[in-house]
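*Asks:* Here is a sequence with its predicted model. Questions after.
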Amino acid sequence: MSLFKARDWWSTSVGEQEDFDQGCLCVADVDNTESDKIIVGSYKGILRIYSPNPSKPGAAFQPEELIVELQLQDPILQVEVGKFVSGTELLHMAVLHPRKLSVFAVSGTMGTVEHGNQYQLKLIYEHNLQRTACNLTFGAFGGVKDFLQFLLHPRSSGHSQTEHHWSQT
């Protein structure tokens, strides 16, 4: 006997003939509204952000729940949300491509007409990578606060928000 029951809360079909991996999914408050969003990136370079709001558990997908759908130039290997910009406590979205790391701000404008809210992605900064990446981890390594570092694999390299720091071959 189990104390917990798993139930479908919300679902949708994402793209046709697209490939995804475990790093292509992230759930976070990417627009800083105290409401989690579902972020999905594909190897075809399509970035989608969903704001699920089912009226009841298992309810069907509604078109207004897809708040961003954007075709990027490169395949998306991983998406993460965190405090990636110095001088602010706001959350930003990091998108890892094979040879580039991009950090975006996601913001919404409340709709005044029947079209609903409008969401925008603004590129804050990006790092071109010396080698092909496959995944990343991030954090304040070594207990250093207010200084975010990215660790990219394989053949490790370290980046901060503003510059490349080290590489290991």
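*Replies:* Nice, I can see it. Numbers count the residues shown, from 1 in each chain.
*Asks:* Next, work out how far apart residue 77 and residue 48 are.
*Replies:* For residue 77, the distance to residue 48 equals 15 Å [CB to CB, to the nearest Å]. Where you see a C-beta, it was placed from the backbone N, CA and C, and this is true even at glycine.
*Asks:* actually residue 137, not the one I wrote
*Replies:* Distance from residue 137 to residue 48, by CB to CB: 23 Å.
*Asks:* more neighbours, those two?
*Replies:* Counted by other CB atoms under 10 Å, residue 137 and residue 48 do not tie: residue 48 has more neighbours, with 19 against 12.
*Asks:* Can you give me the buried ones in the host helix or strand of the more buried one?
*Replies:* Using DSSP states H and E, residue 48 falls within strand 46-50. Within strand 46-50, the residues that count as buried by 16 or more other CB atoms under 10 Å are 46-50.
*Asks:* same deal with stretch 5-16?
*Replies:* Of the residues in stretch 5-16, those buried (16+ other CB under 10 Å) are 10, 14.
*Asks:* Walking through the chain, point out its helices one by one.
*Replies:* Assigned by DSSP state H, the helices in the chain number zero.
*Asks:* in it, what spans have low per-residue confidence?
*Replies:* 1, 55, 57-59, 112-116, 140-169 (pLDDT under 70).
*Asks:* Try it again at 90.
*Replies:* 1-17, 21-23, 52-65, 82-89, 108-119, 127-169 (pLDDT under 90).
*Asks:* residue closest to the middle of it?
*Replies:* residue 79 (3.6 Å; CA atoms, centre = their mean).
*Asks:* which stretches of the protein form strands?
*Replies:* With DSSP state E, the ranges of strands along the chain come out as 25-28, 37-41, 46-50, 66-71, 78-82, 92-97, 100-109, 118-128, 135-139, 149-153, 157-160, 164-167.
*Asks:* can you list the ones you listed in a markdown table and add distance to residue 60?
*Replies:* As requested, those are exported to a markdown table (distance: least, CB to CB, whole Å):
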| stretch | distance to residue 60 |
| --- | --- |
| strand 25-28 | 20 |
| strand 37-41 | 16 |
| strand 46-50 | 13 |
| strand 66-71 | 13 |
| strand 78-82 | 25 |
| strand 92-97 | 27 |
| strand 100-109 | 23 |
| strand 118-128 | 22 |
| strand 135-139 | 33 |
| strand 149-153 | 38 |
| strand 157-160 | 42 |
| strand 164-167 | 46 |
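*Asks:* I appreciate the help and will end here.
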